[in-house]
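S.K.: Give me coordinates for this.
(2 chains)
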Amino acid sequence: MAEKKNPGEPDYVVIDSGKTTIKDLYTKEDWMAIWMGFAILIVGLIIFLPRQPEKIQELPKLNETLKAEAARAPFKTIAWHKASSEKKGIRATGEAYAKTLKSFLSAPGDWQSNPLDALYLSETDAEAKNAAGKEAFDKAKAVEEVALEQAKAAEKAAAGASFQDQGLNAAAEQAITAWLAAKEKASSAKKKIGVKPMNRFPYLAGLALALAIFFGLGKAIMGESFGRFLPGFFVVFLLAILAYLGETQALMKTWGFGFPLWAIVFGMLISNTVGTPKWVMPAVQTEYYIKTGLVLLGAEILFNKILAIGKPGIFVAWVCTPITLILTYWFGQNIIRMPSKTLNITISADMSVCGVSAAIATAAACRAKKEELTLAIGLSMVFTAVCMVAQPAFAKLVGLPQILAGAWMGSTIDATGAVAAAGAFYGDKALYVAATIKMIQNVLIGVTAFGVAVYWCARVECAPGQQVSWWEVWFRFPKFVIGFVVASIAFTLLDQSMGKDLSTAVLDHGVLRGFTKLLREWFFALAFTSIGLETNFQEFKPYLRGGKPITLYVFGQSFQLCLTLLVGWIMFYKIFPEITAGL
Amino acid sequence: MKVADRSSPLPGCGFPPQPGLGPWLQLLVGFFLILGFIFGVGSALRLLPGARRMAAVIEERELRATAIYYTDLEESATGSEYIRDCLDYPPGRR
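M.R.: Residues are numbered from 1 along each chain as shown, chains lettered A, B, ... in the order given. From the prediction side, this is the model:
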């Protein structure tokens, strides 16, 4: 809970206390965030684990097909691709109950000129949208059918020569690649004719009430007023909806300006003009929302994912990233002398790991000030928008192969979404590799947050030369990080025990993507709205003097671009070329 | 040791309204500036070299370019599952 502060004091100060009690488990925000996060994760498991997708029994058969086709031909046949594609369709999120849950928890949809389109779509408008996309879909479908026939003929010719004719094999592989590209286009066009009428108002009202009660009860358990929290929460929630509307506007969505930025902007607009009303303030609880969201994020950190692309992926994402992080932090401290260590590490993590999500976790772990987190996120979003366009253009200019370009972009562009956009711009293989490398890098958030929390407690928050015992480190340690790490370990073990296919269908595309991730996004939106509502423009001035944050970012990003390109080339083309050839 | 949270002065209580324009007028001006950014700067960015093509790719594939984590993005799942199948069931090279 916020205490009264004297002007000029920092947001967080370490105070001697020397004791901890059992009561902390239900009166301290860090512990409450853990229990609330765990409660959501358990509810998610209860909903999804017993209700596996109907087609789950088909997985062994599809794997058999993949195995048989892989043994039959020296290239991925049509049947191989169809089986692989069918596996991707077996997901808990595709079940009716999961769709209902999603419609309740989802953020507003897309819009172009009228924000109401994101919240309400009549049957007539939905039909009009579908009709507009029908022609494009029919055309794309026809192209796909022709491409499939050509691919079948080419494969048949290659099979006729018992796959011994290299020329026929190459022609078949080329025809199959062309069919896959046509299939992807038809699939995208199909999404545009599947528009359904919607009315998000009742769902959002229900969600607001549910979250108000959820967080209000947490506050009540901690000994604060439920009644004072409730009215203000609806204002914060309303602004969070506005933030989502900022993100889902067609132009902003394209440039990657997501809800965190808009939540801060709308919040600051209010706090710096008419001021945040006093009665709203009990619900302006940045840390409470962010810590609960981070415990949920912990469950999404599945360590098995680092093996997704084999050894080269681990080297590119897990060697280059820590080197860049440490070097950038060192540069910030020793060369340009950043005004704040917490700002330095937040920007370094945000730039080297994966943008906004890493910034949130690191800032919370080292207790950075809210304006430092805001600054790091702003920098990341601007540079991401630039890199998203510039990096694929550069890769095309110098003719980088798709896999190397994908690995390079995946590891160096901050935001996960922008990585996918840059990869898609370059080609399908680049997209797959870029998105997978970024996923492996995302997992580093857990290690980074934990490492930063320990380092800060044991080294940074001490007097020069002071030796701190492990017991004291424990006192200082941000306890929510324990929940974050425990959630990650528990879900990683669960993921491992379920096996790759079942875990993908039920855990990843059920509990996580179908439930906790949707809530986690809302919690972050509430947190960033709260940051905006309690931030004054004047607070940024000291950080911007001399442009040091920008210098730090540019240095780190330039170093990472060079290092990753070099390591990616060595790993994918010199040390593990057989993995590259198989992709 | 414990860490106490000492938030900034409460806006509305701690931040005095700016002199000159009335606070509500400032709010309105700020709101229109945001709209100007969304529709003005957002559209102008498409004039940058390569940006229009990038926007078309994002729109065509319905990518969520604002995703902050891999679970926010469908392509990370599609990509990693495809790569996993490639590595688990690699076609025999002859």
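S.K.: Find me the pLDDT at residue A:579, would you?
M.R.: Here the pLDDT value assigned to residue A:579 is 84.
S.K.: you'd agree it is up against residue A:311?
M.R.: Yes - Residue A:579 lies in contact with residue A:311 (C-beta atoms under 8 Å); the separation is 7.3 Å. (Each C-beta comes from the backbone N, C-alpha and C, glycine too.)
S.K.: In space, what's closest to the residue most central in space within chain B - neighbours in sequence excluded?
M.R.: Closest residue to the average C-alpha location of chain B: residue B:66 at 3.9 Å, with C-alpha atoms, centre = their mean. The shortest distance from residue B:66 to any non-neighbouring residue, by C-beta to C-beta, 6 or more residues apart in numbering or on different chains, is to residue A:258 (3.4 Å).
S.K.: What are the phi and psi values at the one you found?
M.R.: Backbone torsions of residue A:258, given as degrees, to the nearest 10, read phi -90, psi -180.
S.K.: Relative to residue A:252, how far out is it?
M.R.: Separation of residue A:258 from residue A:252 (C-beta to C-beta, to the nearest Å) stands at 8 Å.
S.K.: Overlap of the contact sets of the two?
M.R.: Residues touching both residue A:258 and residue A:252 by C-beta atoms under 8 Å, 6 or more residues apart in numbering or on different chains: residue B:66.
S.K.: My guess is residue A:84 contacts residue B:79. True?
M.R.: No - using C-beta under 8 Å, residue A:84 makes no contact with residue B:79, being 11.9 Å away.
S.K.: Neighbour count: residue A:258 and residue A:252, which is higher?
M.R.: Neighbours per residue (other C-beta atoms under 10 Å in any protein chain shown) separate residue A:258 from residue A:252, with residue A:258 holding more: 33 against 23.
S.K.: List the residues that contact that one.
M.R.: Counting by C-beta under 8 Å, 6+ apart, residue A:258 has contacts A:247, A:356, A:381, A:415, A:417, B:66-68.
S.K.: Just the ones of those residues in helices?
M.R.: Among the contacts of residue A:258, the members falling in helices (DSSP state H) are A:247, A:356, A:381, A:417.
S.K.: Give me the pLDDT value at the third one.
M.R.: Put plainly, it is residue A:381. Listed pLDDT for residue A:381 reads 89.
S.K.: what's around it, how many residues?
M.R.: When neighbours are counted by other C-beta under 10 Å, residue A:381 comes out with 22.
S.K.: show me what contacts the closest residue to it other than its chain neighbours?
M.R.: Nearest non-adjacent residue to residue A:381, counting by C-beta to C-beta, 6+ apart: residue A:261, 5.5 Å away. Residues in contact with residue A:261 (C-beta under 8 Å, 6+ apart) are A:246, A:377-378, A:381.
S.K.: mind checking pLDDT for residue 40?
M.R.: Went with chain A since none was named. On pLDDT, residue A:40 comes in at 98.
S.K.: my question was about chain B
M.R.: At residue B:40, the pLDDT value in this model is 92.
S.K.: list the contacts for it?
M.R.: Applying C-beta under 8 Å, 6+ apart, no residues contact residue B:40.
S.K.: And for residue A:457?
M.R.: Residue A:457 is in contact with A:468, A:473, A:476-477, counting by C-beta under 8 Å, 6+ apart.
S.K.: With residue B:33 as the reference, measure out to the residue nearest to residue A:381.
M.R.: With C-beta to C-beta as the criterion, residue A:261 and residue B:33 are 15 Å apart.
S.K.: Give me the buried stretch members for stretch A:133-144, please.
M.R.: Of the residues in stretch A:133-144, A:133, A:136-137, A:140-141, A:143-144 count as buried by neighbour count, 16 or more other C-beta atoms under 10 Å in any protein chain shown.
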